[in-house]
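Undergrad: Got a predicted structure plus its sequence, pasted below:
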Amino acid sequence: MTAAAVDTEREPEEIEGTSYLRAGYSLRSWLLTTDHKRIAILYLLSITFFFAIAAVAAALIRLDLITPEGDLLSNEGYNRAFSIHGIMMVWFFLIPSIPNTIGNFMIPLMIGARDLAFPRLNLLSWYIFIVAGIFALFVVVAGGVDTGWTFYTPLTTMYANGAVVATVLAVFISGFSTILTGLNFIVTIHKLRAPGMTWSRLPLFVWSHYAVSIIFVLATPVLAITLLLVAAERVFGIGVFDPSLGGDPLLFQHLFWFYSHPAVYIMVLPAMGVVSELITAGAHKKIFGYWFVAYASIAIAVIGFLVWGHHMFVSGQSVLASTAFSFLSIAVAVPSAIKVYNWTATLYKGDVALDAPLLYAMGFIGLFVAGGLTGLMLAMLAIDVHVHDTYFVVAHFHYIMVGGSVTAFFGALHYWWPKITGRLYNEVLGRISALLMIVGFNLTFFPQFMLGYEGMPRRYHVYPQEFQVLQVFSSAGAGMLAVAYLMPLTYLLWSLRSGARAPANPWGATGLEWTTSSPPPKHNFTEQPVVVRGPYDYPLAHPRSRQDA
Amino acid sequence: MSPSILLWPTAASRHADEVDLLIGTFGGLVALLTIPVFVLMTVFAIRYRTSREADREHPPSGRTWLEFSWAGIPFLLILGFFFWSTQLFFQIHRPPPGAMTINVVAKQWMWKFQHAQGAAEINELHVPAGRPVRLNMTSRDVIHSLFLPAFRIKQDLLPGRYTSLWFQAREPGIYAFRCAEFCGTDHSVMGGRLVVMRPADFAAWLEEEGAFGTSATLAELGGKLFREVGCSGCHGPASDVHAPNLAGLFGRPVGLSDGSTIVADEQYLHDSIMLPNKHIAAGYQPIMPTYGNVLEPEQVNALVAFIRAGAQAQEEEGP
Amino acid sequence: MPEQSRAEIQFHHIGRQREAERLGMLVFLASEIMLFGGVFLAALALRMLHPQEYVAAASHMKLWHGTANTAILLTSSLLVALAVEWTRGGRPKWAARCLWAAVALGLTFLGVKAHEYYLDYREGKLPGAANANFSTPFEQLFSNFYFSVTGLHALHVTAGIILLALAALRGEARHDRHAVFIGNVALYWHLVDVFWIFLYPTIYLAGAGE
């Protein structure tokens, strides 16, 4: 960003006039838009709102856990707080986060298209998401639920308190929004690539969104039917999961994790796509092992469908099944490892500009590696029997989903902020908040690995005295993390009014999205781009070459 | 009271030591795989940072042999751990033959234990040291999970189904157990104490419990129930009804009306009482009434113990 | 090319748009298959857990209703396939007739289904009804499952009927020789048919030997 500051003055006014942001100012021009860029903004605003709700719930949880007796909340209140936190984070923030905001905005730009294949479907998908969100809000206002985000039966179907059916419906409805988005992405990537944009020239961000769309389309309907059965069981008692009629509560777990394990990859694959872009742009260098990184995304999506049973090692699942799932879970780690090593190798002989996006990307790699390798520990049967359903698991998936996905989301927001808004943010503040996020995150969640191994079960409101010190560390870290999340909110918003105007390509990055103006015109490109080079075709990595480009 | 910090949990069995060794070694592997990434990332970021002159000639954009080695070598290393940990997992699913069985029934938010000798306890379990103990567990309502951190084991308890867990405590002591599967409002206080006693103390404790509580063993309770709830009306020796004879049934294969066979284990007996139409023994009509709404899991445990004891009695009387 | 004007802004070419719509439908159908996949998995689990009771409960199903409905749906699928062929062959009148006939058959399917539900109700096999009586808990579970699954399928049939009627009403066969809309609706209708072809043995034939 520093190198590009020179260019800020020469932004041509006439392009500014045709920006998608200036295509209409009425509320109607936003709410009835079919422009993928505006829909992305709508999504960005909505998921930020849900993120705030989830963050408040998280703050309540962490404050409450400062004392072993849990003085702030009641047992039931605590259970409702973590249920709301999980449900909001998973379905209303993490799953739509990168795909529906950055992906929605960038995929057509990156492949040289004027929009997604089905723009009205894209808008419909946002409206469905909002309907689901209204159900979810109703649940919050009505006092919440205590099912946990996993909706295990028969707890959810017969014993849970609160607005259970509304919660289940909220998640059920949000699934349709996800399916439509996935469908739109798949068709767009297949059919709307610009002339010359062959599969081998696709940015890795697009590859990982292709992989994630496959999961959207194939896993989400399984969740839909499962939740439908749960709601029917709660209301009519149909009994498919009820042992007293001869149903099977484990069947629910199989169906649920058949969706929810791939859902973890839904959250992390787009983040990986972001990191591939951020690393190459930060290093000004071609990605190391393009095809390995691209196919690793597809491999993760495919193998990810075969490992759901590793959530059920202590559930009463057969020993043989557990062994098979343990083995497959090791196999799914291979493509992730390939990605990490390739990103590291990409920095070699690069021209590395340590700007905020790259810091976020490197933070992602570090936290993702820690989360991934503890995931391998959990795939080990004998270890999992001890740490399953403890803070070890909580720490592990927060490393992946928050340390990984949320960090990458912030990285993406910084990297493409100039493109999306046409403004430059304060780079120094960006770097500080990136570092603060990495430190705060580790302080919050590293103690939880220790707590878990020592035997602290998850979802505990009252806990034994000996765990208090580590819990206090964790809560202190959460405070730091809160600051790290609030800082970007302030300086990014501030940049909208007072930030310098962004040039078309502030990072000196390759990729079609940087060839059009910032912000892009309504139909993305003033003339149809034709692609003649591969992705990340940076000139020889040398400081001076960036000015030449 | 000053807050204390716990850095490593106590290990109360050989299995716990083995799991500790496994995770410790795995930790070494994790370091081996990650430290190069962190070090190289830092080194590259500093050495090739944009303001610095460095040799940037001929940057590589891929090496197939490198890709295969950094995918393959960690995979093979971890495969070794897979065999190690799976081996340990098999162990905790194979209780030794001489293990004493204790029935566990969990409900919101309480643990109930039934000893074969008749003693029953709530949220506290007494066991002898140095002897394998097998817990035969079920739940009355939602899914719970019995977690014994000092033994590095846990197992979910399901309604309508038996699961089991075994352990052998090394020495006397008091250890915590907790519920690990979220089970509703008071999940976090659904815990208790495992009291491991010297075998002689344990025998004395059982004796004393018997004197205060019911003096009958679990099987005797089951026998009483067998007459009270009407099982003996059909399954008794004097009955005119064509119903299977239960003596010597436990552990034997049973032919079913669809031609398959099933071993008469605890689960089979449980299902035959609670869901009698699930498996119909060959040669009998499906006329057994369902006890699904009549009996509590604790009572089913007693009946199963009775039928089981009957089998042992037969074997002892036989040749 | 006159058709070019119908292409939406994001497509460079109407042909590309047709391909996109077809691909979109196929992806959607893949999603539907996974939805019903969950249903069939649940049926499989129930049958494996209770092999004898499953067969006994399935033997109460109205085999003739199920068989008649199988024939009805298969015939309607044939008609829809013919409609596509006739649209492409330039005979829109015949295509429209086939579509309407398929709509009629779809409605007949729903009628037969409703009659079957009514008979179930009279026999006390409708869960939740005042006269409901089941000999075993599993029979009740099976009955619940049967109503949920066939209900879900009936919803899909209803959606299919609406789409077929829409295709016929809008005179798609006359407007579009490429049968884009009709072709996609036909794909959907075939899949709804295929689901039934799997439900039929799962629910009706399972107990036919008893």
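TA: Nice, thanks for sending it over. Numbering: from 1, shown residues only, chains lettered A, B, ... in the order given.

Undergrad: ok, how many other residues are close to residue 167?
TA: Going with chain A. A:T167: 30 surrounding residues under other Cβ atoms under 10 Å in any protein chain shown. Every C-beta, even on glycine, is put in place using the N, C-alpha and C of the backbone.

Undergrad: I was after chain B.
TA: When neighbours are defined as other Cβ under 10 Å, B:F167 has 26 of them.

Undergrad: which phi and psi does it have?
TA: Dihedral angles of B:F167 (phi, psi; degrees, to the nearest 10) stand at phi -160, psi 160.

Undergrad: and it, bridged to which residues?
TA: Counting by DSSP bridges, B:F167 is bridged to B:V133.

Undergrad: Please name the residues that touch it.
TA: B:F167 makes contact with B:13, B:15, B:132-133, B:148, B:151, B:153, according to Cβ atoms under 8 Å, 6 or more residues apart in numbering or on different chains.

Undergrad: Of those residues, which is the most crowded?
TA: Result: B:F151 is most packed of the contacts of B:F167 (other Cβ under 10 Å), 28 neighbours.

Undergrad: For that residue, give me the pLDDT.
TA: What the model reports for B:F151 is a pLDDT of 95.

Undergrad: Please verify my assumption that it contacts B:R14.
TA: No - with contact taken as Cβ atoms under 8 Å, B:F151 and B:R14 are classed as non-touching, separated by 9.8 Å.

Undergrad: Point out the residues in chain C that sit beside chain A.
TA: C:8-12, C:16, C:19-20, C:23-24, C:27-28, C:30-32, C:34-39, C:41-42, C:45-46, C:49-50, C:53, C:127-128, C:137-138, C:140-141, C:144-145, C:148, C:152 (Cβ under 8 Å from any Cβ of the partner chain).

Undergrad: Buried ones among the residues you listed?
TA: By neighbour count, with 16 or more other Cβ atoms under 10 Å in any protein chain shown, these hold C:10-12, C:16, C:19-20, C:23-24, C:27-28, C:30-32, C:34-39, C:41-42, C:45-46, C:49-50, C:53, C:127, C:137-138, C:140-141, C:144-145, C:148, C:152 as buried.

Undergrad: so where do the strands sit in chain C?
TA: Here chain C has no strands by DSSP state E.

Undergrad: and the worst-scoring helix or strand of it on mean pLDDT, what does it pack onto?
TA: In chain C, the helix or strand scored least confidently by mean pLDDT, DSSP states H and E is helix C:172-175, which has a mean of 79. Applying 3 or more Cβ pairs under 8 Å, 6 or more residues apart in numbering or on different chains; DSSP states H and E, one finds that helix C:172-175 contacts helix C:63-88, helix C:92-122, helix C:180-199.

Undergrad: Name the residues that touch it?
TA: C:83, C:86-87, C:92-93, C:95-96, C:99, C:167, C:179, C:181-182.

Undergrad: try 7 Å
TA: Outside of helix C:172-175, the residues within contact range by Cβ atoms under 7 Å, 6 or more residues apart in numbering or on different chains are C:87, C:92, C:95-96, C:181-182.

Undergrad: before we move on, what about stretch C:118-130?
TA: A:236, C:60, C:62, C:131-133, C:140, C:143-144, C:147.

Undergrad: Can you list the buried residues in that stretch?
TA: Using 16+ other Cβ under 10 Å as the test for burial, stretch C:118-130 gives C:120, C:125-127.

Undergrad: Can you tell me which of the residues you listed is closest to A:A361?
TA: C:P127 (54.9 Å; Cβ to Cβ).

Undergrad: Residue of the stretch 401-549 of chain A nearest chain B, please.
TA: A:G455 (2.7 Å; Cβ to the nearest Cβ).

Undergrad: swap that for the stretch 51-200 of chain A, please
TA: A:L155 (4.2 Å).

Undergrad: and that residue, what does it touch?
TA: Contacts of A:L155 (Cβ under 7 Å, 6+ apart): A:147, B:142-143, B:183-184.

Undergrad: What's the per-residue pLDDT of it here?
TA: Looking at A:L155, its pLDDT stands at 91.

Undergrad: Can you pull the poorly scored residue ranges out of chain C?
TA: For chain C, applying pLDDT under 70 flags the ranges C:1-7, C:210.

Undergrad: any residue of whichever helix in chain C runs longest up close to chain B?
TA: Taking residue count as the measure and DSSP state H as the definition, the longest helix of chain C comes out as helix C:14-49. No - contact of helix C:14-49 with chain B (Cβ under 7 Å from any Cβ of the partner chain) is absent, the minimum separation being 7.7 Å.

Undergrad: Now do that helix against helix C:180-199, angle only.
TA: Here helix C:14-49 runs at an angle of 10 degrees relative to helix C:180-199 (axes from the mean of the first three to the mean of the last three Cα atoms, to 10 degrees).

Undergrad: circling back: buried among the contacts of A:L155? Make that a PyMOL selection.
TA: To isolate the buried members of the contacts of A:L155 in PyMOL, using 16+ other Cβ under 10 Å:
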select buried, (chain A and resi 147) or (chain B and resi 142+143+183+184)
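
Undergrad: Which two of the contacts of A:L155 have the greatest separation?
TA: So, the contacts of A:L155 by Cβ to Cβ: farthest apart are A:T147 and B:I143, at 12.6 Å.

Undergrad: Could I get the contacting residues of B:G173?
TA: Per Cβ under 7 Å, 6+ apart, neighbours of B:G173: B:12, B:196.

Undergrad: give me phi/psi at it?
TA: phi 170, psi 180.

Undergrad: Over to B:D156?
TA: Here is the backbone geometry of B:D156 (degrees, to the nearest 10): phi -70, psi 150.

Undergrad: Find me the pLDDT at it, would you?
TA: Predicted confidence (pLDDT) for B:D156: 95.

Undergrad: Against A:Y152, how distant is it?
TA: Remark: distance between B:D156 and A:Y152 (Cβ to Cβ, to the nearest Å) = 10 Å.

Undergrad: Tell me which of those two has more neighbours.
TA: Legend: neighbour count by other Cβ under 10 Å for B:D156 and A:Y152, higher for B:D156 (29 against 23).

Undergrad: Does that one touch A:S315 like I think?
TA: Yes - B:D156 is in contact with A:S315 according to Cβ atoms under 7 Å; the separation is 4.8 Å.

Undergrad: With chain B in mind, check whether the helix or strand hosting A:H209 reaches it.
TA: In this assignment (DSSP states H and E), A:H209 forms part of helix A:204-236. No - judged by Cβ under 7 Å from any Cβ, helix A:204-236 makes no contact with chain B; its nearest approach is 13.2 Å.
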